[in-house]
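**Q** Give me a 3D structure for the following:
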Amino acid sequence: MIRTVRSRVILALAMPLLGCSDVSSPQEDPTAEPQTLRPCTVDGVSKPTLCGWYDVPENRAEPTGRMVRLRVVVAKALNAEPAPDPIVYFEGGPGGSSIGVAPFLTNEMPGARARRDMVFIDQRGTGASGKLTCNTALPSGEISLFGSLFPPDHVLACATRLSSQADLAQYTTPIAADDMAEVLGALGYDSVNVFGTSYGTRLALVFARRHPDMIRSVSVNGVAPPDRIAYLEGSESVESALEWGLSGCEADPTCGAEHPNVRTDFASLVARFDNGPVSTDVTLSDGSTANVMFAHADFAYAVRGMFYGNLADSLAPWTSRAVSTGGWAGFADYYVQRSKWVAGTFATGMHLSVWCAEDVPFATEAVMASYDNGALLGSSLIRRYRDACALWSTEPVPADYKQPVTIDLPVFIVSGERDPVTPATWGEALAAGLPNAVHITVPDAGHVPFGSCINSIQEAFWNSADPQGLSTSCMGG
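**A** Sure thing, here's the model as predicted:
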């Protein structure tokens, strides 16, 4: 039995698919003996907490070769008699640090923390687990990001540098899933509840598919299944989010009065790119101003990013200002803020290792062209990834990797109605193919919605592992 429930609660948090920061810092000697957990302090996480390292072979087919040291944090359950099955969190990105989210999750879900251990393992290539960054200078500073997102000289330099310390083909999701199974087994957990957000949902589903005997339940919020080409098929959700924003302004008395022509105004902005990129001034991160050529794909990427969270409310005023002034203030500035993760402290190297192996090879020219039927984003983003991936080292994923996930496990799925990256239709399709799943769609919510109502349902699911028996009364029907 499959249920799709539509919440009437707007939730407070939308976690980004890209640019997740490493916000916690476990205070322990990194040279400590691996495969051993010790009491430690993790900023923002109440004790008792345990920290440690676990070594896994970089190439799992060569167990005596180079090792990757994985960082592990366990926020121990606070109850005197906790449940034996922990919650294991997988972060998004790909490239975000799971440990970096520990302060948020342990405090946002106190009921879960009280009853169960919460386990955070930085996936190989992220956080404190051999983080693969491309944080070298861009060839022409931040203006290099306009028109490319991945400047070729920068990507090639990054690939060359990282290849001297890592086999970039060994940082994909199936390999990471096997890492997680090994670490959790070593920790002595016989059965776990896996919880993924954004890209972490892909890792959770692949983990469950490869190691079903270790799983008690699966929770995925903002689901990106392995059978999807995320940055191509997801372009359709940008259209849905954009319609939500435009129609919402038209229906709102205040917004409609202030921006009476928002739909036609936005269309006029898109039309400006008919003859190619447009010239505009942009404010860079250091506060300086530069003149750049702003491309249609740059604009689309910025608009897509706005619908992750509350910046969606800026669509109408930014559109009106752009039309009235002839400039692109807001959109171009936000593109800089949105794209600078490429050359920042984010694990861009691991990010490319995942998408270049798991999605880009399946985006054929014919498939990409089918998304270019007037859509705002279309195939422009995946094409930029394709250009970067031509310079990246990869190996094919398993032959069945792109098959739909079919697991006979309890699965709880949450989607945001206006999610511009992982649309609710993906959650619906995933649930339809599973024998024991429930899917909840949160109206007006962006990417990875959190809040008291959803959190309470999530905690109830962990307690029961029964998706069909969940009460959704807090959603008002």
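
**Q** Can you name the residues that contact residue 386?
**A** Contacts for residue 386 (CB atoms under 8 Å, 6 or more residues apart in numbering) come out as 360, 363. Where you see a C-beta, it was placed from the backbone N, CA and C, and this is true even at glycine.

**Q** so what's it scoring on pLDDT?
**A** For residue 386, the pLDDT comes out at 98.

**Q** That one falls within a helix, correct?
**A** Yes. According to DSSP: H, G, I helix; E, B strand; the rest coil, residue 386 belongs to a helix.

**Q** quick one: it from residue 296, how far?
**A** 17 Å (CB to CB, to the nearest Å).

**Q** next one: residue 374
**A** 12 Å.

**Q** Tell me which of the two has more neighbours.
**A** Between residue 374 and residue 296, residue 296 has the larger neighbour count (other CB atoms under 10 Å), namely 18 against 7.

**Q** Which residues are in contact with the more buried one?
**A** 270, 273, 277, 380.

**Q** Most neighbours of all the residues you listed, which one?
**A** Going by other CB under 10 Å, residue 380 tops the contacts of residue 296 with 23 neighbours.

**Q** Quick check: closest non-adjacent residue to it.
**A** residue 297 (3.7 Å; CB to CB, 6 or more residues apart in numbering).

**Q** Now for that neighbour, which secondary structure element holds it?
**A** Using DSSP states H and E, residue 297 sits in helix 296-306.

**Q** can you check residue 74 too?
**A** strand 67-75.

**Q** The chain - how does it break down into domains?
**A** Domains of the chain are assigned by automatic domain parsing as 3-130+166-227+403-475, 136-163+229-400.

**Q** Most tightly packed of those?
**A** domain 3-130+166-227+403-475 (a mean of 20; mean count of other CB atoms under 10 Å).

**Q** average model confidence for that one?
**A** Per-residue scores along domain 3-130+166-227+403-475 average to 90.

**Q** contact partners of the helix ranked longest in the chain?
**A** In the chain, ranked by residue count with DSSP state H as the criterion, the top helix is helix 235-251. When contacts are defined by CB under 8 Å, 6+ apart, helix 235-251 is touched by residues 255-256, 259, 262-263, 266, 300, 303-304, 307, 312, 315-316, 371, 375-379, 381-382, 417-423, 425, 444, 446.

**Q** For burial, what's the neighbour tally of residue 164?
**A** Around residue 164 there are 6 residues (other CB under 10 Å).

**Q** Distance of it relative to residue 59?
**A** 16 Å.

**Q** Check residue 296 too.
**A** Applying CB to CB to residue 296 and residue 59 gives a distance of 41 Å.

**Q** what do you get for residue 38?
**A** From residue 38 over to residue 59 (counting by CB to CB), the distance is 29 Å.

**Q** Would you confirm that residue 258 contacts residue 319?
**A** No. Applying CB atoms under 8 Å, one finds residue 258 not in contact with residue 319, separated by 11.2 Å.

**Q** In what element of secondary structure is the nearest residue to residue 223 once chain neighbours are set aside found?
**A** Excluding its sequence neighbours, the residue lying closest to residue 223 (CB to CB, 6+ apart) is residue 201, at 4.4 Å. Secondary structure assignment for residue 201, by DSSP H and E: helix 199-210.

**Q** For the stretch 151-300 of the chain, which segments count as helices?
**A** 152-163, 173-186, 199-210, 230-233, 235-251, 253-258, 262-271, 296-306 (DSSP state H, counting those that start in this stretch).

**Q** any chance of those in a markdown table, with distance to residue 73 too?
**A** A markdown table is the format used below for these (distance: least, CB to CB, whole Å):
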| stretch | distance to residue 73 |
| --- | --- |
| helix 152-163 | 25 |
| helix 173-186 | 12 |
| helix 199-210 | 16 |
| helix 230-233 | 27 |
| helix 235-251 | 33 |
| helix 253-258 | 44 |
| helix 262-271 | 45 |
| helix 296-306 | 29 |
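
**Q** I'd like to know which of those helices is closest to residue 76.
**A** Smallest distance to residue 76 across the helices of the stretch 151-300 of the chain (CB to CB): 15.2 Å, for helix 173-186.

**Q** which helices and strands does that closest one pack with?
**A** Applying 3 or more CB pairs under 8 Å, 6 or more residues apart in numbering; DSSP states H and E, we find helix 173-186 packed against strand 49-57, strand 67-75, strand 87-90, strand 118-121, helix 199-210.

**Q** Partner strands of the fourth one, with direction?
**A** When pairs are called by DSSP bridges, strand 118-121 turns out to pair with strand 67-75 (antiparallel), strand 87-90 (parallel).

**Q** So which of the contacts of residue 296 is the closest to residue 172?
**A** residue 380 (24.4 Å).

**Q** so the closest one sits right up against residue 299, yeah?
**A** No. Contact criterion CB under 8 Å: residue 380 and residue 299 do not qualify, at 9.7 Å.

**Q** wait, doesn't residue 114 sit right on residue 75?
**A** No. Look at residue 114 against residue 75 with CB under 8 Å: they stay out of range, at 10.7 Å.

**Q** In which helix or strand does residue 455 reside?
**A** Residue 455 belongs to helix 452-464, assigned by DSSP H and E.

**Q** Any chance of TSV for the contacts of residue 296, columns pLDDT and distance to residue 348?
**A** As requested, the contacts of residue 296 are exported to TSV (pLDDT from 0 to 100; distance: CB to CB, whole Å):
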residue	pLDDT	distance to residue 348
270	97	29
273	97	27
277	97	24
380	98	19
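
**Q** Reformat the residues you listed into JSON lines and put distance to residue 206 next to each item.
**A** As requested, the contacts of residue 296 are exported to JSON lines (distance: CB to CB, whole Å):
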{"residue": "270", "distance to residue 206": "37"}
{"residue": "273", "distance to residue 206": "38"}
{"residue": "277", "distance to residue 206": "38"}
{"residue": "380", "distance to residue 206": "27"}
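
**Q** Residue 211: which of those is nearest?
**A** residue 380 (36.6 Å).

**Q** Next, find the distance separating that closest one from residue 72.
**A** 39 Å.

**Q** repeat for residue 290
**A** In terms of CB to CB, residue 290 sits 43 Å off from residue 72.

**Q** ditto for residue 349
**A** Taking CB to CB, one finds residue 349 at 21 Å from residue 72.

**Q** Over to residue 183?
**A** 6 Å.

**Q** Find residues that contact each of these two.
**A** With CB under 8 Å, 6+ apart, residue 183 and residue 72 have common neighbours 54, 121.

**Q** tell me the contacts of residue 166?
**A** Taking CB under 8 Å, 6+ apart as the test, what residue 166 contacts is 58, 125, 130, 132, 349.

**Q** Now do the SS call for residue 77.
**A** coil.

**Q** That one and residue 117 touch, don't they?
**A** Yes. With contact defined as CB under 8 Å, residue 77 counts as touching residue 117 (5.1 Å).

**Q** Helices along the stretch 301-450 of the chain, start to end?
**A** 315-325, 331-339, 348-358, 365-369, 380-389, 424-432.

**Q** need the ones you listed in CSV with distance to residue 452, can you?
**A** As requested, the helices of the stretch 301-450 of the chain are exported to CSV (distance: least, CB to CB, whole Å):
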stretch, distance to residue 452
helix 315-325, 27
helix 331-339, 29
helix 348-358, 32
helix 365-369, 41
helix 380-389, 34
helix 424-432, 21
